[in-house]
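Participant: Any chance you can model this:
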Amino acid sequence: MKRLLSNALLILLTLGLAGYGWVWLQNNRPPGAERTVAPERPLAVSVRELVPTNVPLEVEAYGTLEAARTARLAVEVSGRVAEVMEPWLPGTFVEEGAVLVRMDTGLLDQEVSVAEAAVNEAERALESQAVEERGAASAAQLARESFELAQAEEGRVQVLFAAGDAAASERDRVRGMRLEAARALDMAETALSRAEAGRASLEATLERAKASAALARERRSRAVLKAPFSGHLVSRGPAVGTHLTPGAQLGELHDLEQLDLRVAVPEERLVGLSAGAEATVRLSAEPARARRGEVSSVGVQADAATRSIPVVVSMEGGARGGGEEGGPPLAAGQFAKVTLHAGEAERAIVIGRGEFVWKGGVAVVHVLDGAPGDVPVARRRELQLGAPVEGGWLVESGLGAGETLITGPHGLVTDGGPCRLVGGVSEEP
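Facilitator: Sure thing, here's the model as predicted:
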């Protein structure tokens, strides 16, 4: 125990003397004498030269094919199914206007007969009224002529009476005749007006009867379900004798000549994408075949959860007449991958995923700086990145063409630190 204590005291004494000696040397150093510091050793770095290139702007997305036109098949009148097109099976092709379902129209036929009979009755009544109107018009014309003659006769007698050549009794007689003719004219014109009003009423009755008959015929015509366009049936049809109600879905009809591929594109990948842009579609069922498509619409409302925009790509459905020019026929519901060609960024600089680091939410890189023959040093740059592209991101600001980018090691590079090259200068990100 005493030996350990002695050793410890000896060590402490030695350290104290060494410290005292170092302080004495520093305080008694001759004037002008300076300490020398070993120069900083250049850091070995890998670099590449930034060469602007034309970069294609492409976006990859996944979606499911849908028929461009789809019809929900349903009857519009209730009743019993009297006839069904055969065969009505999934995948059956039908031409536009083909009769799919014909309903029993017994009651509808009776409604049409009753409505048409009402039309005939209204037409006969209108013809009779027209005869009565013509008679009333003739009577009114005669009454008008009689009134005019009575007026003329009264005028002549008034002239004779004023000259003293006619008696007062004669004047009173012709005046009474004129009043009687006026009363007859008024009654005739009233009868004519009544006949005209009766004709207008019967014309309205006839129009209503015709409208009812047309409605009955229209209802009967809708008892036949026809294909609204050429396409393929999706499910099996109803059986004969089934009672159907209006709106009850019988199946769907898909037009597969044109298909829509609906995909969701992240909002940051929409740069340059617009309607009319070309697209390349590949299906999991035929991975070796590339089909051509075209962007038909780009949505204007982003999904709040995914921040993506709906994009619709239109494409041909494939040959269904036995040919293979457009490839095998496609079906709705198939899964597909699409590459959207949004154009090209000219003379762009692309930085790879491992060529920068994030610091405080900012993309940071270092470039070599220095005149030929000098030891190059690293200079810090903050970048503003653009759209993602093949191999990385477009650089909007922070780097220029011809500069030498330090690609590693990022954790050891410091702003202003000397560097030496390892492995030469590459030109690919």
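Participant: From Asp186, how far out is Glu346?
Facilitator: Using C-beta to C-beta, to the nearest Å, one gets 95 Å for the distance from Glu346 to Asp186. C-betas here are computed from N, CA, C, even on glycine.
Participant: ok, the two, which is more surrounded?
Facilitator: A direct count of neighbours by other C-beta atoms under 10 Å for Glu346 and Asp186 places Asp186 higher, at 13 against 9.
Participant: what's downstream of the helix or strand encompassing the more buried one, the next helix or strand?
Facilitator: Using DSSP states H and E, Asp186 maps to helix 168-221. Sequence-wise, the next helix or strand downstream of helix 168-221 (DSSP H and E) is strand 224-226.
Participant: Have a look at the chain and report its longest helix.
Facilitator: helix 106-163 (DSSP state H).
Participant: That helix - contacts with which helices or strands?
Facilitator: Packing partners of helix 106-163 (3 or more C-beta pairs under 8 Å, 6 or more residues apart in numbering; DSSP states H and E): helix 168-221.
Participant: what bits of the stretch 201-350 of the chain have low per-residue confidence?
Facilitator: 318-327 (pLDDT under 70).
Participant: The host helix or strand of Pro287 pairs with which strands, parallel or anti?
Facilitator: Here Pro287 sits within strand 286-298, counting by DSSP H and E. Using DSSP bridges, strand 286-298 pairs in its sheet with strand 278-283 (antiparallel), strand 308-316 (antiparallel).
Participant: mind giving me TSV with those and columns for distance to Glu95?
Facilitator: Shown next, in TSV, are those (distance: least, C-beta to C-beta, whole Å):
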stretch	distance to Glu95
strand 278-283	28
strand 308-316	20
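Participant: With mean neighbour count and distance to Gly155 added, can I get those in TSV?
Facilitator: TSV is the format used below for those (neighbours: other C-beta atoms under 10 Å; distance: least, C-beta to C-beta, whole Å):
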stretch	mean neighbour count	distance to Gly155
strand 278-283	19	97
strand 308-316	20	89
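Participant: Nearest to Pro56, out of the ones you listed?
Facilitator: Closest approach to Pro56 among the strands paired with strand 286-298 (C-beta to C-beta): strand 278-283, 11.1 Å.
Participant: mind checking how far that closest one is from the chain centre?
Facilitator: In terms of C-alpha atoms, centre = their mean, to the nearest Å, the centre of strand 278-283 is set 20 Å apart from its chain centre.
Participant: and if you look at stretch 172-191?
Facilitator: That offset, for stretch 172-191, works out to 77 Å (C-alpha atoms, centre = their mean).
Participant: what sits up against it?
Facilitator: Stretch 172-191 has contacts (C-beta atoms under 8 Å, 6 or more residues apart in numbering) with 136, 139-140, 142-144, 146-147, 149-151, 153-154, 157.
Participant: Between all of these, which two are separated the most?
Facilitator: Top of the distance list for those (C-beta to C-beta): Ala136 and Val157, 31.4 Å.
Participant: Ala209 is nearest to which of the strands paired with strand 286-298?
Facilitator: strand 308-316 (49.6 Å).
Participant: Okay, Pro52 and Val271: tell me how far apart.
Facilitator: 18 Å.
Participant: ugh, wrong one, Gly391
Facilitator: 16 Å.
Participant: and these two? which has more neighbours close in?
Facilitator: Val271 (16 against 12).
Participant: now the longest helix of the chain, how far from the centre of its chain.
Facilitator: 63 Å.
Participant: Average pLDDT for stretch 144-154, rounded please.
Facilitator: What stretch 144-154 shows for mean pLDDT is 89.
Participant: what comes up buried for that stretch?
Facilitator: Using 16 or more other C-beta atoms under 10 Å as the test for burial, stretch 144-154 gives 146-147, 150, 153-154.
Participant: Quick one: these as TSV, columns for distance to Pro87 too.
Facilitator: Formatted as TSV, those follow (distance: C-beta to C-beta, whole Å):
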residue	distance to Pro87
Ser146	82
Phe147	82
Ala150	87
Glu153	92
Glu154	92
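Participant: Which of those residues sits closest to Ala336?
Facilitator: Closest to Ala336, out of all of the buried residues of stretch 144-154 and judged by C-beta to C-beta, is Phe147, at 91.1 Å.
Participant: OK, contacts around the closest one?
Facilitator: 178, 181-182, 184-185.
Participant: let's see it at 10 Å
Facilitator: By C-beta atoms under 10 Å, 6 or more residues apart in numbering, Phe147 lies in contact with 177-186, 188.
Participant: In space, what's closest to it - neighbours in sequence excluded?
Facilitator: Of all residues not flanking Phe147 in the chain, Ala181 sits nearest, at 4.1 Å (C-beta to C-beta, 6 or more residues apart in numbering).
Participant: Equivalent analysis for Gly299, please.
Facilitator: Pro310 (3.9 Å).
Participant: so how far is Ser297 from the one you found?
Facilitator: Distance from Pro310 to Ser297, by C-beta to C-beta: 8 Å.
Participant: just Gln249 next, same as before
Facilitator: The gap separating Gln249 from Ser297 is 28 Å, by C-beta to C-beta.
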